[in-house]
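>>> Sequence first, then the predicted structure:
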Amino acid sequence: DTAVSQTPKYLVTQMGNDKSIKCEQNLGHDTMYWYKQDSKKFLKIMFSYNNKELIINETVPNRFSPKSPDKAHLNLHINSLELGDSAVYFCASSHQSPGTGSGANVLTFGAGSRLTVL
Amino acid sequence: AQSVTQPDIHITVSEGASLELRCNYSYGATPYLFWYVQSPGQGLQLLLKYFSGDTLVQGIKGFEAEFKRSQSSFNLRKPSVHWSDAAEYFCAVGAFYGGATNKLIFGTGTLLAVQP
């Protein structure tokens, strides 16, 4: 059973189109994230949701809109795609807990969704 | 601001040789520190983590890392590298954001190549 699953794995599209990437986790975690990995392999957080509530929004263009219908799902919708949006997008989840619980605050990542904008 | 530096972009070692990947962090409080590995075309897999306690932590696949507060470092080591260890390695610091919510700040990664 895949813990964090993303679809699609590959997405090739034209500039100006709108596309979505879906993410689901079956770990019972209460927090989910989207990270972007650019062509130089640099990973940067985009969004974080805790129990369906937006917690982190890291100065991402408003063309990017995350949606969390429930705490097991976090989808990423991108409007008016640009060349610079080409990247690998990783979904992740964790169980948030104040302090230093042994299992808390450890992110489990999905396999990534490679978006290519032509 | 929190940051992570991995000084080595690319390292090549021979199979069976020892390995050390460097990581330095900047964080105002006691950090949560992580090492993740990314194989080609794959997601990130957690190798090990440091939250508190013993500064030498053991991880999966025979890896270990040592937290040195005085040097702001969390270097990853393995005594004998296997060809299957070839991958990209990322060091990360966990930063609390607005309470308990954690976010990871990653270094730029070190690409490990293993020669036969």
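All right, it came through fine. Numbers count the residues shown, from 1 in each chain, chains lettered A, B, ... in the order given.

>>> what sits against the nearest residue to B:L21 once chain neighbours are set aside?
Counting by Cβ to Cβ, 6 or more residues apart in numbering or on different chains, B:L76 is the residue found nearest to B:L21 once chain neighbours are left out, at 4.3 Å. The C-beta positions use only the backbone N, C-alpha and C, and glycine is treated the same way. By Cβ atoms under 8 Å, 6 or more residues apart in numbering or on different chains, the residues touching B:L76 are B:L19, B:E20, B:L21, B:C23, B:W35, B:L47, B:L48, B:F63, B:E64, B:A65, B:Y89, B:C91.

>>> hang on, B:L76 in a strand?
Yes: B:L76: assigned to a strand according to DSSP: H, G, I helix; E, B strand; the rest coil.

>>> That one and B:E15, how far apart?
Separation of B:L76 from B:E15 (Cβ to Cβ, to the nearest Å) stands at 18 Å.

>>> cool, A:E24 as well?
Taking Cβ to Cβ as the measure, A:E24 and B:E15 are separated by 38 Å.

>>> Counting neighbours, go ahead and name the busier of the two.
A:E24 (19 against 14; other Cβ atoms under 10 Å in any protein chain shown).

>>> so where's chain B uncertain?
B:96-101 (pLDDT under 70).

>>> Helix or strand, whichever it is, which one in chain A has the lowest mean pLDDT?
strand A:53-57 (a mean of 83; mean pLDDT, DSSP states H and E).

>>> Can you name every helix or strand that that strand contacts?
Helices and strands touching strand A:53-57, as assessed by 3 or more Cβ pairs under 8 Å, 6 or more residues apart in numbering or on different chains; DSSP states H and E, comprise strand A:43-50.

>>> how about the CA coordinates for the strand it packs on, as CSV?
The C-alpha trace of strand A:43-50 is given here as CSV (Å, rounded to 0.1, in the frame of the first residue of the first chain):
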residue,chain,number,x,y,z
LEU,A,43,13.3,21.7,-2.7
LYS,A,44,11.2,24.5,-1.3
ILE,A,45,7.9,24.3,0.6
MET,A,46,4.9,25.9,-1.1
PHE,A,47,1.9,25.1,1.2
SER,A,48,1.0,23.2,4.3
TYR,A,49,-2.5,22.3,5.5
ASN,A,50,-3.3,21.1,9.0
